[in-house]
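1. for reference, the sequence and a predicted model appear below.
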Amino acid sequence: MYIKKEFQEIISEAFHSANFNFKPSSLYDPIKYMMDLGGKRIRPLLTLMSCEMFGGCIDEALAPAMGLELFHNFTLLHDDIMDQAPIRRGKETVFKKWNTNSAILSGDTLFVMAYELVTKTTPALLPQVLELFNDTARKVCEGQQYDMDYELRTDVSIPDYILMIKLKTAVLISCSLKLGAIIAKAPAEEADLIYEFGENLGLAFQLQDDYLDVFGEVDKFGKEIGNDIVTNKKTFLYLKAYELADRDSLELLNRHYRGKSLSASEKVKTITAIYRKLQIDVLTRSLIDEYFGKALAIIAKINIPDEKKQMLLEVAGQMVDRES
């Protein structure tokens, strides 16, 4: 049985050995740059851990797991353009370092490369793998569209927001776990349970990301603090604050969240102060704990020994209790 560090070394070596040095270099250099930024590579880790947990061979899961990581980076590359985010993993984003057109085309190519790797699976399992991946890719795009739509709407609710992050973030975590189960030939009902576990884990994970965007430290978080506020994202934090705000806080939210009366740094400072006044930090942590508790209840239903679940549970706990 592997330990977490060994899984990470296998994934790291696989990406280190991957060849991104194709021509034209103007197309592939941004891809190599994006992948060299690293990141936590949680999704391939979850795939390999799930595969082993269900008794499968991780060698058979490695290429599809890498494909999911390429797909994830494709979404980040395009999201950074849409969000006009200047920093990713502590470095310049691709569209800032090159230009928007280069980032779009390199992202498209990254998606094709992801598809090539995901399909490198046992032929008998390919229909299941493709059905899962295609469904996930479509849902991620739906989630991103909701994210953009919400920027223009004034009637976004907390359930609307939860649906959006489920599609944009949680389903790829679910997919990573279910992919490992499929490759391990786990029973269908248990593959469905690990997917549901991943969905709730993914919601907790994204809410923690939203929390860190406001209350994290830039040196640890790897992105600018307050970018969601600067770009007027209707996160859970904003929606909950709007729901609980007294007259003075509501007036400040309306004036500064959508307006341009303050500099970016002053806007972040003002909105963050409102969040603290309304205890939005505490309420967000409470919701994170709620979704993580649901995830734990679901994985408990999977009929395998607890010791085989332990490493996955440890990683899941780290995902929702992190500073970066």
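-> In hand now; what should we look at?
2. in three-state terms, label the residue nearest the centre of the chain for me.
-> Residue closest to the average C-alpha location in the chain (Cα atoms, centre = their mean): residue 169, at 4.4 Å. When classified by DSSP: H, G, I helix; E, B strand; the rest coil, residue 169 comes out as helix.
3. report the contact partners of the residue lying closest to it once chain neighbours are set aside.
-> Spatial nearest neighbour of residue 169, chain neighbours left out: residue 206 (4.2 Å); criterion: Cβ to Cβ, 6 or more residues apart in numbering. All C-beta atoms are positioned from the backbone trio N, CA, C, and that covers glycine. By Cβ atoms under 8 Å, 6 or more residues apart in numbering, the contact list for residue 206 reads 165, 168, 169, 170.
4. report the helix or strand with the lowest average pLDDT across the protein.
-> Least confident helix or strand of the chain, by mean pLDDT, DSSP states H and E, is helix 218-221 with a mean of 62.
5. now for the helix or strand following that one, which elements pack on it?
-> On the C-terminal side of helix 218-221, the nearest following helix or strand under DSSP states H and E is helix 227-230. Other helices and strands packing on helix 227-230, by 3 or more Cβ pairs under 8 Å, 6 or more residues apart in numbering; DSSP states H and E, are helix 188-215, helix 236-244, helix 264-277.
6. what do you get if the cut-off is 7 Å, keeping everything else the same?
-> On a contact count with 3 or more Cβ pairs under 7 Å, 6 or more residues apart in numbering; DSSP states H and E, helix 227-230 meets helix 188-215, helix 264-277.
7. for the ones you listed, which has the smallest mean pLDDT value?
-> Lowest mean pLDDT of these: helix 264-277, a mean of 93.
8. for that one, name the packing helices and strands.
-> helix 227-230, helix 236-244, helix 247-256.
9. ok, 8 Å please
-> helix 188-215, helix 227-230, helix 236-244, helix 247-256.
10. got these as CSV, with distance to residue 266 columns?
-> Shown next, in CSV, are those (distance: least, Cβ to Cβ, whole Å):
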stretch, distance to residue 266
helix 188-215, 15
helix 227-230, 11
helix 236-244, 17
helix 247-256, 8
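11. nearest to residue 91 among those helices would be which one?
-> Of all those, it is helix 227-230 that lies closest to residue 91, at 14.9 Å by Cβ to Cβ.
12. just the C-alphas of the closest one, formatted as PDB.
-> Output in PDB follows, covering the C-alpha atoms of helix 227-230 (Å, rounded to 0.1, in the frame of the first residue of the first chain):
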ATOM      1  CA  ASN A 227      -9.600  39.500  -5.900                       C
ATOM      2  CA  ASP A 228     -13.200  38.200  -5.500                       C
ATOM      3  CA  ILE A 229     -14.100  41.600  -3.900                       C
ATOM      4  CA  VAL A 230     -12.200  43.600  -6.500                       C
END
